[in-house]
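**Q** this is the structure alone, sequence omitted:
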C-alpha cells in the first residue's frame, strides 16, 4: 500500500507539473495571438507563427541551452556535455580535419543553437557570411533565386558556410591572419565573404552555428592549426574554382602594405594614448609639487611673520573727572597717541589700557 501510494503521489506531481507548464504555454500563446491581432497580422502569417511556437514547445526547444548549461554545472561538466553533444558533428567539418583535439574542444563550447521553420531561409545568395552551420536535425535545400528549383538537399550532419568565416574582409581579422600566418598570401575567394547560394529549410530544422568572431578568438591561440585551416580553405576554394588565382605577388605586397599601414595607424593611436597618459601623469606630478612648494613657502612666511611680530604695551592714566571727548581732543595732536590709535586695530598688537 505504501509503495502504491508513493507511485500515485509521484504520478500526481508529474501531472500537476505538466499541467502547470502547459498552462504557461497557453498563456504565452494567447499573449502572442493578442499581439498579432492588435497589429493586424494576416491569417497566413498568424498560422505560421502559431505552428512554429507549437513545434518549439512540443519539442521542448524553448529551453535556453546556454542558460541550462551555465546553471549549476562546473566548467568541466559543461565542457564534457558540449563534447558529447557536438564534437562528432564538428569532426565532420573538412576544414577542421587536421586540427588538434584541444582546438575542437574549445570550438564545441562556442556552438549555439538556432531553429528554422518550413520555408524559412537560412541564408540567401549575396548575404554577408558571419557564421557556419551544422545541421543537427531536419533537412535543408539549396534552391534557385526564385526558390522553385532545388539543386541539392542537405541532411543531418551536413555542414555549410565554413568558407565564409575564413574570408578576411574585416581588417581586424586580416591583421590577425597576417601576424599569425606571417605569409605573403591570403584567401582569395572570388565572392569575398558573400553567400554563394540560397539555403532554406524544408521543414522544422535544428542547426548549430559557429560565428566568425568566436572562431578567430580560438584560432588566435593555435597558430599551427590556423595555417592548416587556411591551406584547407584554399584547397576547397580551388576545388570549386572559387579561388582567385590572379593575385600576383605585387598585389599581395600592396595588400600587406595596406595592412601594415593600418597597423601603423593603430600603433600611432596606441602611442598617442601612451603619450597623453604620460602628459597627464606629469601634469599631476607638477601640480602636486607646486602645491607642496606653495605650502612650504606659506609655512616659512607664517613662521617668519610670527617671529617678527611686534609687542606694544601702552599705559595711559586718565583722570576720573576727564571726559573722553576732552581726552581725544587734547591727545590726537600727539604723534605717539596717533600711532597707538593707528595700530589699535591690528590683530597682532596687544594694547593694555
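**A** Done, it's in. All values reported here derive from a predicted model rather than from experimental measurement.
**Q** end to end on stretch 120-132, go ahead and measure it.
**A** 17 Å (C-alpha to C-alpha, to the nearest Å).
**Q** mind listing what's buried in that stretch?
**A** 120, 122, 123, 127, 129, 131, 132 (16 or more other C-beta atoms under 10 Å). Every C-beta, even on glycine, is put in place using the N, C-alpha and C of the backbone.
**Q** quick check: mean pLDDT of whichever strand or helix holds the last one?
**A** The one in question is residue 132. Assigned by DSSP states H and E, residue 132 belongs to strand 131-137. The pLDDT scores in strand 131-137 average 90.
**Q** which helices and strands sit right next to it?
**A** Judged by 3 or more C-beta pairs under 8 Å, 6 or more residues apart in numbering; DSSP states H and E, the packing partners of strand 131-137 are helix 75-91, strand 159-160, strand 205-211.
**Q** which of the ones you listed has the lowest average pLDDT?
**A** For these, where the average pLDDT is lowest is helix 75-91, sitting at a mean of 82.
**Q** could you list the buried residues of it?
**A** Using 16+ other C-beta under 10 Å as the test for burial, helix 75-91 gives 78, 79, 81, 82, 83, 85, 86, 89, 90.
**Q** ok, stretch 102-121 next?
**A** So for stretch 102-121, counting by 16+ other C-beta under 10 Å, buried means 103-111, 113, 115-117, 120.
**Q** helices - which of those land there?
**A** Of the buried residues of stretch 102-121, the ones assigned to helices by DSSP state H are 103, 104, 105, 106, 107, 108.
**Q** which among those residues gets closest to residue 219?
**A** residue 103 (7.7 Å; C-beta to C-beta).
**Q** mind listing the helices for the stretch 151-300 of the chain?
**A** All helices of the stretch 151-300 of the chain, identified by DSSP state H, counting those that start in this stretch, fall at 171-181, 212-219, 223-239, 249-307.
**Q** next, the angle helix 212-219 makes with the third one.
**A** On the basis of axes from the mean of the first three to the mean of the last three C-alpha atoms, to 10 degrees, helix 223-239 is oriented at 130 degrees to helix 212-219.
**Q** returning to that earlier point: direction included, what does the helix or strand following the strand holding residue 132 pair against?
**A** Downstream of strand 131-137, the first helix or strand assigned by DSSP H and E is strand 140-143. Take DSSP bridges as the rule and strand 140-143 pairs in its sheet with strand 150-154 (antiparallel), strand 198-201 (antiparallel).
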